[in-house]
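[1] Kindly return the folded structure for what I paste below:
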Amino acid sequence: MSIEAINEQLLRAIGVGVALLDLRELRFRFFNDTFREWFGDVEIGQTLTDLFPEFDVAAMRDAFKDSVRFTTEASFRLRRRTMTIAVTIDSAEEGGEPIAVLVCQNISRIKELEAMIDSYSMMVERNTREIKREKEQVEKLLLNMMPRSVYEEYKSFGVVTPRLYEDVAVLCLDFAGFSEFVVENDAGVVVSELNDIYTAFDRIGDQFGCERIKTVGDTYITVAGMPDPADSASSSIANAAVRFVRYLEQRNRSHPIQWRCRVGVSQGAVIGSVVGVQKYIYDVFGPAVIEASQLRQLAQPMHIVGTRAFIQALPDPCSSEPVGTLDLGGKEPEEVFALTGRLDAAEGA
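    Numbers count the residues shown, from 1 in each chain. So this is what the prediction gives:
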């Protein structure tokens with residue numbers, strides 16, 4: 001057997017499609033069995049563009065100006081399946097005549113895997129974005145329930161260690177006549193009104209470094225001096241209280257629904273911690289919270305009531321007047337006072 005015959009048998013046996021073409025007219029002069037299997041209608045003498053009508057002949061000839069090789073990819077239907085092949089065409093000579101050696105490799109599986117990888121990557125990217133968005137929503141929700149430093153501790157360790165804060169200023173507020181208002185008005189109106197007012201309170205509190213801890217119906221509790229200590233915690237709470245009252249006064253002048261708050265302010269020790277397992281919430285409790293709540297009950301509408309110690313601890317001048325006595329756990333009931341003057345820091349608000 002001649003070398004040419006052996007080569008021809010090898011070409012027929014390998015698993016790639018091989019064909020020889022006249023480079024001038026691009027007519028097939030030879031193709032192996034694999035090539036025929038893939039392109040069953042091909043005949044000797046047929047042109048390359050007959051087989052691949054979309055083949056870019058101009059691009060191939062441009063490539064041959066600088067190189068002897070041109071590569072491209074093509075897709076076609078083979079027994080109800082789309083087959084993709086990588087085509088390599090090398091220019092050569094045979095007997096002084098220019099020919100082209102065309103080699104086709106089936107890359108359908110590679111393309112399918114690439115498509116699967118692309119699809120998987122897109123799915124992973126989409127899921128990552130959704131997880132990130134949900135994580136941000138959870139973080140936002142938790143930050144509405146607890147201070148950021150407490151949230152950071154919870155995120156890092158999964159728990160929040162209960163802590164005793166020795167010097168925290170507490171503001172406890174409710175509204176006179178709230179029960180009657182709830183009975184006389186639609187639930188949507190009640191919620192809308194509270195949402196409007198509490199949002200304003202939160203903004204005011206932020207200005208003075210206060211942290212709203214919770215609301216229970218018409219009871220609004222905010223603190224200063226925790227979780228990070230503050231030298232001016234009492235001043236922050238007093239200024240916030242004055243601004244709360246002043247906000248309601250301004251709101252009442254232009255709003256059909258009148259709100260009158262009662263405010264108790266105190267300072268002392270509190271415990272801060274996350275309470276609950278399934279429905280947890282950050283809460284504070286302790287002597288200062290109880291005291292602020294008791295003082296609130298003594299306050300007249302649109303008045304702020306605090307202890308003598310709280311008022312004397314204020315760094316800014318503030319006039320006050322006694323409003324009665326309250327049993328705060330000491331040997332005798334203590335005299336308590338209503339803040340009647342404006343704090344310097346709240347002037348012009």
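
[2] ranges for the strands of the stretch 151-300 of the chain?
    Using DSSP state E, counting those that start in this stretch, the strands of the stretch 151-300 of the chain run over residues 163-175, 211-216, 219-224, 261-275, 281-285.

[3] now these in TSV, with mean pLDDT and distance to residue 100?
    From N, CA and C alone the C-beta is placed, and that goes for glycine too. As requested, these are arranged in TSV below (pLDDT from 0 to 100; distance: least, C-beta to C-beta, whole Å):
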stretch	mean pLDDT	distance to residue 100
strand 163-175	92	82
strand 211-216	87	79
strand 219-224	93	83
strand 261-275	89	76
strand 281-285	84	77
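
[4] just so I know, which of those strands lies nearest residue 310?
    Ranking the strands of the stretch 151-300 of the chain by distance to residue 310, with C-beta to C-beta as the measure, places strand 261-275 first at 5.2 Å.

[5] What residues of the helix of greatest length in the chain count as buried?
    The helix of greatest length in the chain, counted in residues with DSSP state H as the criterion, is given as helix 108-145. Neighbour-count burial for helix 108-145, counted by 16 or more other C-beta atoms under 10 Å, picks out 111, 142, 145.

[6] My read is that the second one contacts residue 153, right?
    So that's residue 142. No. Look at residue 142 against residue 153 with C-beta atoms under 8 Å: they stay out of range, at 11.4 Å.

[7] Could you pull up the residues touching the closest residue to residue 273 other than its chain neighbours?
    In this structure, residue 273 finds its nearest non-sequential neighbour in residue 162, 3.6 Å apart by C-beta to C-beta, 6 or more residues apart in numbering. Neighbouring residues of residue 162 by C-beta atoms under 8 Å, 6 or more residues apart in numbering: 271, 272, 273.

[8] Return the distance of the nearest residue to the second one once chain neighbours are set aside relative to residue 263.
    Excluding its sequence neighbours, the residue lying closest to residue 272 (C-beta to C-beta, 6+ apart) is residue 284, at 4.9 Å. Note on residue 284: its distance to residue 263, by C-beta to C-beta, to the nearest Å, is 17 Å.

[9] Where does pLDDT dip in the protein?
    Under the criterion pLDDT under 70, the flagged ranges of the chain are 1-14, 277-279, 316-317, 330-331, 341-349.

[10] Domain ranges for it, per the record?
    Structural domains assigned to the chain are 3-111, 158-339, following the TED database.

[11] among those domains, which is nearest residue 118?
    Between residue 118 and the domains of the chain, the shortest separation by C-beta to C-beta is 10.3 Å, and it involves domain 3-111.

[12] can you give me the offset of the closest one from its chain's centre?
    Relative to its chain's centre, domain 3-111 lies at 53 Å (C-alpha atoms, centre = their mean, to the nearest Å).

[13] And stretch 99-114, by the same measure?
    Relative to the mean C-alpha coordinate of its chain, stretch 99-114 is positioned 44 Å out (C-alpha atoms, centre = their mean).
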